[in-house]
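1. build me a structure from this.
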Amino acid sequence: MKHVKRAWFSPFIRVVPADYEQWLERLALQGWNVDTISQWDSICMTFTRTQPRRYRYVFDVQLTPQRDYRDTYEQFGWQYVGQMASVVIWRKEYA
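-> Presented below is the predicted three-dimensional model:
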């Protein structure tokens, strides 16, 4: 069984933030998860095979985040996944 999956140009194919969030959530339910997101993931994002998980993803556009931006999300239980240009990706596991 394949343990790595790649998605090319994903933010350019799914340009609506809600569509991008739903796409990531569907992949997580199928057992395809991304550990971290970096600038290069806008070109090629790599997913690894894991246990299926129920994540809620947030695609948050932040041109100039405030100093306490990241701390605020983390205080509410969100996991920082990474950033591509001015887009920050957050996730939170739920039952």
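2. in the helix or strand hosting Asp71, what counts as buried?
-> Using DSSP states H and E, Asp71 falls within helix 69-75. Using 16 or more other CB atoms under 10 Å as the burial criterion, the residues of helix 69-75 that qualify are 70, 73. Backbone N, C-alpha and C define where each C-beta goes, glycine included.
3. run through who's touching the helix or strand just after that helix.
-> Reading on from helix 69-75 to the C-terminus, the next helix or strand found by DSSP H and E is strand 79-84. Under the contact criterion CB atoms under 8 Å, 6 or more residues apart in numbering, strand 79-84 has outside partners 11, 34, 36-39, 41-42, 57, 70, 73-74, 88-93.
4. ChimeraX command to pick out the buried ones of the residues you listed?
-> Buried residues among the contacts of strand 79-84 (16+ other CB under 10 Å), as a ChimeraX selection:
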select :11,34,37,41,57,70,73,88,89,90,91
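5. out of the contacts of strand 79-84, which sit inside strands?
-> Among the contacts of strand 79-84, the ones falling in strands (DSSP state E) are 57, 88-93.
6. report the two of the residues you listed separated the most.
-> When CB to CB is used, the two most widely separated members of these are Val88 and Glu93, lying 17.8 Å apart.
7. from Ala85, how far off is the closest residue to Arg49 other than its chain neighbours?
-> Ranked by CB to CB, 6 or more residues apart in numbering and with sequence neighbours excluded, the top spatial neighbour of Arg49 is His3, at 4.5 Å. Between His3 and Ala85 the computed distance is 28 Å (CB to CB, to the nearest Å).
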